[in-house]
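Engineer: Sequence and predicted structure, then a few things I'm wondering about:
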Amino acid sequence: MNASTATNAVRVRLFAALREQAGWGERLVPLTASPTSPADLWQRLALDDGSAAGAAGLPPSIRVAINQAFATADTPLSPGDEVAFLPPITGG
Amino acid sequence: MPTPNPERLIAVQLLEAPFEPLEGLAAWQRSHGPTAASPAAESHFIGRVRPTTAAGEPLEALELEHYPGMTEAQLRALAEACAARHGVGAVLVAHRVGRVRPGEAIVLVAVQADRRGPALRCVQELLEDLKHHAPFWKREWSGGRGTWVAGNTPL
């Protein structure tokens, strides 16, 4: 990715089963439309490489974090944000 | 979100290697007491990895993935909020990450309070909170194959 696209990019992170389904865990993605939300990105990435989770909308079981804090899937993203898609949590 | 009380002692530990929970507890107790002014009640929970998978197969290991940075911050926020709700003094949360074998400790929660009620309730509530709201993901390894766990075990 070159510098001109990276400056308006967000860092997308996937974890656990989502990461393995997609075949990647971290990627810089340029914001091509304004505003862009995590739900938009989910659709776009699924369309782009067909692997993240299919082209369907963001399933309710997937939680979103922006800059390492939980957020709603329709929050507008800013360049430089880190957005993560989190499959169901199983800690403890 | 409750206002964090600076006098409230919150300790969060993510551990990449096997740990002995009683040694962890002793170190935590030494770090702030006990003194004559120590809280009168202290409640503990130790969780260990069970020897079978959710499907009943022999388990070789449980693999714990986390979100470095967010997991620590989220554990601290959950502990702060729980401590504020119950008015307890000190909280310790220690959680394994990486590969954990059957019988090994995976989580330790300890709470000091003035009374047994808040101490016990805060431990139970914080344990449920972290199971659902701290970014950890378990993968069961059995027969050389890994399977991501879809949900939490029953209370």
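Structural biologist: On my side now, so go ahead.
Engineer: Contacts only, for the nearest residue to residue B:139 once chain neighbours are set aside.
Structural biologist: Counting by CB to CB, 6 or more residues apart in numbering or on different chains, residue B:139 lies nearest to residue B:63, which is 4.2 Å off, once chain neighbours are set aside. Where C-beta positions appear, they are placed from N, C-alpha and C, glycine not excepted. Neighbouring residues of residue B:63 by CB atoms under 8 Å, 6 or more residues apart in numbering or on different chains: B:98, B:99, B:100, B:138, B:139, B:140, B:141, B:146.
Engineer: got a markdown table for those residues, with neighbour count, secondary structure and pLDDT too?
Structural biologist: Below are the contacts of residue B:63 laid out as a markdown table (neighbours: other CB atoms under 10 Å in any protein chain shown; DSSP: H, G, I helix; E, B strand; the rest coil; pLDDT from 0 to 100):
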| residue | neighbour count | secondary structure | pLDDT |
| --- | --- | --- | --- |
| B:98 | 15 | strand | 98 |
| B:99 | 15 | strand | 97 |
| B:100 | 21 | strand | 98 |
| B:138 | 24 | strand | 96 |
| B:139 | 19 | strand | 97 |
| B:140 | 20 | strand | 97 |
| B:141 | 16 | strand | 97 |
| B:146 | 14 | strand | 96 |
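Engineer: What about the closest residue to residue B:95 other than its chain neighbours, how many residues nearby?
Structural biologist: Nearest residue to residue B:95, sequence neighbours excluded (CB to CB, 6+ apart): residue B:107, at 5.1 Å. Here the number of neighbours of residue B:107 (other CB atoms under 10 Å in any protein chain shown) works out to 23.
Engineer: now residue A:28
Structural biologist: 11.
Engineer: hang on, it in a strand?
Structural biologist: Yes: checked against DSSP: H, G, I helix; E, B strand; the rest coil, residue A:28 lies within a strand.
Engineer: Look up the closest residue to it, ignoring the ones flanking it.
Structural biologist: Nearest-residue entry for residue A:28: residue A:9, 4.3 Å, with adjacent residues in sequence omitted and distances by CB to CB, 6+ apart.
Engineer: ok, that neighbour to chain B distance?
Structural biologist: According to CB to the nearest CB, to the nearest Å, residue A:9 stands 19 Å off from chain B.
Engineer: thinking again about what came up before, mind telling me what element the residue nearest to residue B:95 is part of?
Structural biologist: Assigned by DSSP states H and E, residue B:107 falls within strand B:105-113.
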